[in-house]
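turn this into a model:
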Amino acid sequence: MALHNLPLVYACSGCSSVAQAANRLAVGLDRAGKAEMSCISGVGGGVRALVKTARSGRPILALDGCALACVKACLATAGVTADIHLVLNQLGARKRYHADCTDDEMTASAALVDEAVTTLQGRIDAAGCVPASALTLDD
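You can find the predicted model right below:
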């Protein structure tokens, strides 16, 4: 599948429950072929290839766990603003240390994340790109 026809997703991966939830949700989008996950620490660290990907103009979904908004800050260091920025603990998930989010928190967060990535994919499709669902592994 041609990954350039998918939105980019960047996620927090800190130590709290909501940080790890953001990372799990982003990995899930990547593995399901709904978005391409890229490395936010590389963007924040100025790794040239990763900054280039972030600046490519593809729609970006930023998933932060809490109001510290580390993903948003890392993107800003590269002069990039996410098209959609979600902060899980502002959407109902509780920030905890040494524990995971509850199943209910994950389910609710996943629904919001899926809605956001569907919106971004719609923008790609409307711009005349090949819909991801129409691509084959040979593309």
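
all strands for the protein, in order.
With DSSP state E as the criterion, the chain has strands at 8-11, 36-37, 60-64, 84-87.

with mean pLDDT added, can I get those strands in CSV?
Shown next, in CSV, are the strands of the chain (pLDDT from 0 to 100):
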stretch, mean pLDDT
strand 8-11, 99
strand 36-37, 98
strand 60-64, 99
strand 84-87, 99
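
nearest residue to the spatially most central residue of the chain other than its sequence neighbours?
By C-alpha atoms, centre = their mean, the chain has its centre lying nearest to V9, at 2.6 Å. Using C-beta to C-beta, 6 or more residues apart in numbering and skipping the chain neighbours, the partner closest in space to V9 is A35 (4.1 Å). C-betas here are computed from N, CA, C, even on glycine.

could you pull up the residues touching the one you found?
By C-beta atoms under 8 Å, 6 or more residues apart in numbering, the residues touching A35 are 6-9, 26, 29, 61, 117, 120.
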